[in-house]
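**Q** next come a sequence and a model predicted from it.
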Amino acid sequence: MWKSKFEANTHRCVQIDGTSDCETIVVKFAHFFQKVCTPYSADRNAEFRSQLINIRSAYDVPLANNDKPFSVESLSYLLSKMKNGKAPGLDDLSCEHLKYSHPIIVKVLCKLFNIFILNGIRGPTEFGKKG
């Protein structure tokens, strides 16, 4: 009991969907993100792309602002403190998905959150929900 509470366990086994095999976990992540990131149709994808281009061309708020409330370091720290083994959100992403993903994910989320704050948006109403 003492060891489990107070001594560091450097040989912790990461388990995702009941497996701890790294290659299997990588394949599961790849299949999951391939499924969620695939457009429903080419026409709808083209429509969203067109909307994005129109919005970006009208965007005039500079992204390079020194008063960013979120930093990659603070977001990484907060993420590292989240407890594993909790139920995933509406988007089927658990804390482990973010903790063990590529570090670029934290950078992208940080930029996204700062854009929300800079523009006075709490976040899209559908943010984090399944499509």
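**A** Thanks, I have the structure now. Residues are numbered from 1 along each chain as shown.

**Q** helices or strands up against the helix or strand where Leu78 lies?
**A** Taking DSSP states H and E as the criterion, Leu78 maps to helix 72-81. Identification of packing neighbours for helix 72-81 by 3 or more C-beta pairs under 8 Å, 6 or more residues apart in numbering; DSSP states H and E yields helix 95-99, helix 104-118. In short, each C-beta sits where N, CA and C put it, glycine included.

**Q** which parts of the longest one are buried?
**A** With burial defined by 16 or more other C-beta atoms under 10 Å, the residues of helix 104-118 counted as buried are Val106, Leu109, Cys110, Asn114, Ile115, Phe116.

**Q** not counting its neighbours along the chain, what's nearest the second one?
**A** What that stands for is Leu109. Spatially, and ignoring its direct neighbours in sequence, Leu109 is nearest to Leu75 (6.4 Å; C-beta to C-beta, 6 or more residues apart in numbering).
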